[in-house]
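Trainee: From the sequence below, what's the structure:
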Amino acid sequence: MDKIMLVTGGSRGIGAATCLMAAKHGFAVAVNYRSNKEAADKIVKAIEADGGRAIAVQADVADEAQVVTMFATVDDELGRITALVNNAGIVDQPSKVAEMSAERVARMMSVNVVGPFICAREAIRRMGTEYGGPGGVIVNVSSAASHSAGKGGAGTYIDYGASKGAIDTLTEGLAHEVASQNIRVNAVRPGVVDTEIHASGGLPDKPEQAKGSIPLGRVGEPEDIAEAILYLAEAPFTTGAFLDVDGGV
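Mentor: Purely as a prediction, here's the structure:
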C-alpha cells in the first residue's frame, strides 16, 4: 500500500521540514500552501530531485470548500491519503485579552481549530475502515502554549494558546472516536522553534531570548519537530499521545 501524507502549511518552517523528512521515509507528499506557491513548489522539486513523489496543493484551511477541493486533488493526483499532519496555523501581534477584538479571536479559531477539524473529517472519510479505507494516522501540531509550560500564551497570545488547547482536546477525543476504524491520532507540542512565525507574530527576537530558559541551551529547529511528527506517524501502537518537544522546559 502506498504511503501518502498531506501536510497542511507545508511550504515553510515545521511543515516544510516535515514534507522533506516524510519523503525520505517513503511517503508521497502533498504540500499544502495558502498563498506562497513558489515556496511550495521549491519543496516539491527538492523531494522529486531526491527520487520522491510530491505535489503542491493550494487551500486556505479555514475555508471548508477549499479543504474539500484540496483533498479531492490529492485523491486524483496521489491517491487516498494514509497520513494527515495538521500543521497550518497562525499567530497575531502580541496583545492582552483586554485589547483583543472579536475578529482577531474568530480568525485565530477559524484557522487553528476549524481548519484542523475539517481536515480531520476529510481524512477520516478516506482512511477509516467504515469508509472502505485501510486506516491511517493524524498528527496534530499543538504547542507548549496549550498547557502550563507555555503559560497559555499569557500577555501575548492567549487566543493562540486557547486554539492549541482545543487541538489537544481534539487529539484526545478523536483518538478514542476513530480507534475502531484503525486510525491513530497523536499530537506534537513544540516549544520555541526557530521559524518565521515569531516575526509574523511581532516577536522576531523570541528564539534568541528564549535560549537561556531552555535546559538544553538552544531553541528547536524545524527538523526537531519533524522528527517527532514522523515518529508519531509511524508508531503503530501509539494513539492519543502528546509528545512535548521543547528542550526540557
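Trainee: Point to the helix or strand of the chain where mean pLDDT is at its lowest.
Mentor: In the chain, no helix or strand scores lower on mean pLDDT, DSSP states H and E than helix 197-200, which sits at a mean of 57.
Trainee: For D92, give me phi and psi.
Mentor: Recorded main-chain torsions at D92 are phi -120, psi -180, according to degrees, to the nearest 10.
Trainee: Number of residues surrounding it?
Mentor: 18 (other C-beta atoms under 10 Å). The way it works is simple: take the backbone N, C-alpha and C, and place the C-beta from them, glycine included.
Trainee: One more: the one 3 residues further on?
Mentor: Neighbour count for S95, taken as other C-beta under 10 Å: 16.
Trainee: list the contacts for it?
Mentor: Contact partners of S95, counting by C-beta atoms under 8 Å, 6 or more residues apart in numbering, are 104, 156-157.
Trainee: Quick one, which of those are buried?
Mentor: 156-157 (16 or more other C-beta atoms under 10 Å).
Trainee: Closest one of the contacts of S95 to A83?
Mentor: The nearest member of those to A83, counting by C-beta to C-beta, is Y157 at 28.3 Å.
Trainee: right, and that closest one touches G89 too?
Mentor: No. If you go by C-beta atoms under 8 Å, Y157 and G89 don't touch, sitting 11.2 Å apart.
Trainee: so what's the residue sitting nearest the centre point of the chain up against?
Mentor: By C-alpha atoms, centre = their mean, the mean C-alpha position of the chain lies nearest to N87, the distance being 1.5 Å. Contacts for N87 (C-beta under 8 Å, 6+ apart) come out as 7-10, 14-15, 18, 141, 229.
Trainee: at 6 Å instead, please
Mentor: For N87, the contact set (C-beta atoms under 6 Å, 6 or more residues apart in numbering) comprises 7-9, 14-15, 141.
Trainee: Identify the farthest-apart pair in those.
Mentor: For the contacts of N87, and using C-beta to C-beta, no pair is farther apart than T8 and I14, which are 10.8 Å apart.
Trainee: closest to N36 among the contacts of N87?
Mentor: Using C-beta to C-beta, the contacts of N87 come closest to N36 at G9, 10.2 Å.
Trainee: ok, now how distant is the closest one from Y33?
Mentor: 7 Å (C-beta to C-beta, to the nearest Å).
Trainee: Count the neighbours of I138 for me.
Mentor: Neighbour tally, I138, other C-beta under 10 Å: 28.
Trainee: Same check on G212?
Mentor: Neighbours of G212 (other C-beta under 10 Å): 7.
Trainee: distance of E177 from R184?
Mentor: 12 Å.
Trainee: These two: who's more crowded?
Mentor: R184 (25 against 14).
Trainee: what about the nearest residue to the more buried one once chain neighbours are set aside, which SS state?
Mentor: Sequence neighbours aside, T239 is the residue nearest to R184 in space, at 3.9 Å (criterion: C-beta to C-beta, 6 or more residues apart in numbering). Here T239 is coil, with the state taken from DSSP: H, G, I helix; E, B strand; the rest coil.
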